[in-house]
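> Okay, predicted coordinates and the sequence, questions at the end:
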Amino acid sequence: MILIRKTSMITNLSSILLISTLFILSSAVFFGCETDDAPVKIQDSGTLIVLNKSGYTAMIIDMATREVLAVLETGIAPHEAEISPDGLIAVASDYGEYEGPPGHTLTVINLLTNEVDRVIDLGEYTRPHGLAWFDDGEHLAITAEGQQSLIVMNMTTDEIVKVIPTNQERSHIVHLSSDNRKAFVANIDYGTMSVIDLEAEEVIALVETGAGAEGIAISPDETELWITNRYEDTVSIVSLDDYEVLDTIPAGSFPIRANFTPDGNHVLVANMQDGTVSVFDAATRAKVNQIDLEPYNDLNAMPVGMLIIPGNRILVAGTQTDRLYMIDLDTFEIIDHIPTGAEPDGMAFTDVL
């Protein structure tokens, strides 16, 4: 009896310790105290495309289940991805390695079959990077760094229908105005932004912002454009009425991408070299938060690509941790992680299918 009682006491003690441990862990999740790999469960739908630059692949993820539906080969070092307005195809810009031959192709993915539909050879136009669909779902704007140009391609015929010189080195990111009449192109090496009239096919303004001009964010009301100057660790705010620089403010180390929140109240900036995301009040331009993407260790996630998704959230690509960080745009807290391939960067999302 004594031996049985001693064994029972040990068993009971172990049970108590186990229950206590489970209670602490479950409480941490319940009350929102996130551990590194214990994210809050998110109910989702839609399809996410993630480009893995070092893996030369495009990953297709079902956001409802987090199932990887396909991992498809792309050209060398794909950088940016865009999904057509009808949600049927995704396009990846095959940039090429920095120290290797320049890329000159686009990889087109059929999202009904989750297969590569075709590869478009851009010929003389090299280092394609920034992509932006026109609302007609037929035309695509593409920056061609090698030729200091913005090209417009008819995606139904795979023909280049416009070539608009920027005459600026490393024309990198492109955004379109909501009426599709203007394009805004960041030129890294010259520290400028080109404003292009797409109907006249000419640059109508050249705005000097700062060394390493790259990431672009346009306010929902289209009154301001924020552009990151990665070599100066600053962000410039440009008026879209007269294309004058209204202000230049400090950011983190190597700011490389920017996004407005859907309500227009905040701007998020990915700082690649310090592994953080800065949050600015759009009205006052004051920094109100700094999110460390790896708060539990000394890793630098090296964030680059960012993408707003439904549910008032943003995904940030950790190019050195091979995962995406999901940030709640109400609390500015990391609420989920999504594993990827090698060196994720460009992303695109659709909930059409």
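Okay, I see it.
> Going by C-alpha atoms from here, please, whenever you check contacts or count neighbours.
OK.
> which residues touch residue 70?
For residue 70, the contact set (Cα atoms under 8 Å, 6 or more residues apart in numbering) comprises 59-61, 114-115.
> And what about it, helix, strand or coil?
Following DSSP: H, G, I helix; E, B strand; the rest coil, residue 70 is assigned to strand.
> Show me what it is bridged to.
Residue 70 has the following beta-bridge partners by DSSP bridges: residue 60.
> Just give the closest residue to residue 67, not the sequence neighbours.
Nearest residue to residue 67 in three dimensions, chain neighbours excluded: residue 61, at 5.7 Å (Cα to Cα, 6 or more residues apart in numbering).
> Got the confidence number for that neighbour?
What the model reports as pLDDT for residue 61 is 98.
> I'd like to know how many residues surround it.
Applying other Cα atoms under 10 Å, we find 21 other residues in the vicinity of residue 61.
> ditto for residue 88
By the criterion of other Cα under 10 Å, residue 88 has 17 neighbours.
> likewise the one 4 residues further on?
The number of residues packed around residue 92, counting by other Cα under 10 Å, is 32.
> shaky segments in the stretch 251-353 of the chain?
Flagging of the stretch 251-353 of the chain using pLDDT under 70 yields an empty set of residue ranges.
> Quickly list what the residue lying closest to residue 121 once chain neighbours are set aside is bridged to.
Closest residue to residue 121 in three dimensions, ignoring its sequence neighbours and counting by Cα to Cα, 6+ apart: residue 105, at 4.6 Å. In this structure, residue 105 has the following beta-bridge partners (DSSP bridges): residue 94, residue 121.
> By neighbours, which of the contacts of residue 70 wins?
Among the contacts of residue 70, residue 60 has the most neighbours (other Cα under 10 Å), with 25 neighbours.
> show me the contacts for that one.
With contact taken as Cα under 8 Å, 6+ apart, residue 60 is in contact with 47-50, 68-71, 114.
> on that earlier part again, roughly how far does the residue nearest to residue 67 sit from residue 48?
In this structure, residue 61 and residue 48 are separated by 5 Å, where distance is defined by Cα to Cα, to the nearest Å.
> What distance do you get for the closest residue in space to residue 305 that isn't next to it in sequence to residue 185?
Counting by Cα to Cα, 6+ apart, residue 345 is the residue found nearest to residue 305 once chain neighbours are left out, at 4.7 Å. In this view, residue 345 and residue 185 are 19 Å apart by Cα to Cα.
> What of residue 288?
According to Cα to Cα, residue 288 and residue 185 sit 28 Å apart.
> cool, residue 101 as well?
According to Cα to Cα, residue 101 and residue 185 sit 23 Å apart.
> Do a quick rundown of the strands in the stretch 101-250 of the chain.
Across the stretch 101-250 of the chain, reading from the start of the chain, the strands by DSSP state E, counting those that start in this stretch fall at 105-110, 115-121, 128-133, 139-144, 149-154, 159-165, 171-176, 182-187, 192-197, 202-208, 213-218, 224-229, 234-239, 245-250.
> Direction included, what does the fourth one pair against?
Sheet pairing here is set by DSSP bridges, and for strand 139-144 it gives strand 128-133 (antiparallel), strand 149-154 (antiparallel).
> Which of those has the highest mean neighbour count?
When the strands paired with strand 139-144 are scored by mean count of other Cα atoms under 10 Å, the highest mean neighbour count falls to strand 128-133 (a mean of 26).
> Taking strand 182-187 as reference, get the angle to that one.
Computed by axes from the mean of the first three to the mean of the last three Cα atoms, to 10 degrees, the angle separating strand 128-133 from strand 182-187 equals 160 degrees.
> how far out from the middle of the chain is strand 128-133?
In this view, strand 128-133 has its centroid 13 Å away from the chain centroid, taken as Cα atoms, centre = their mean, to the nearest Å.
> Could you do stretch 165-173 as well?
Counting by Cα atoms, centre = their mean, stretch 165-173 comes out at 20 Å from the chain centroid.
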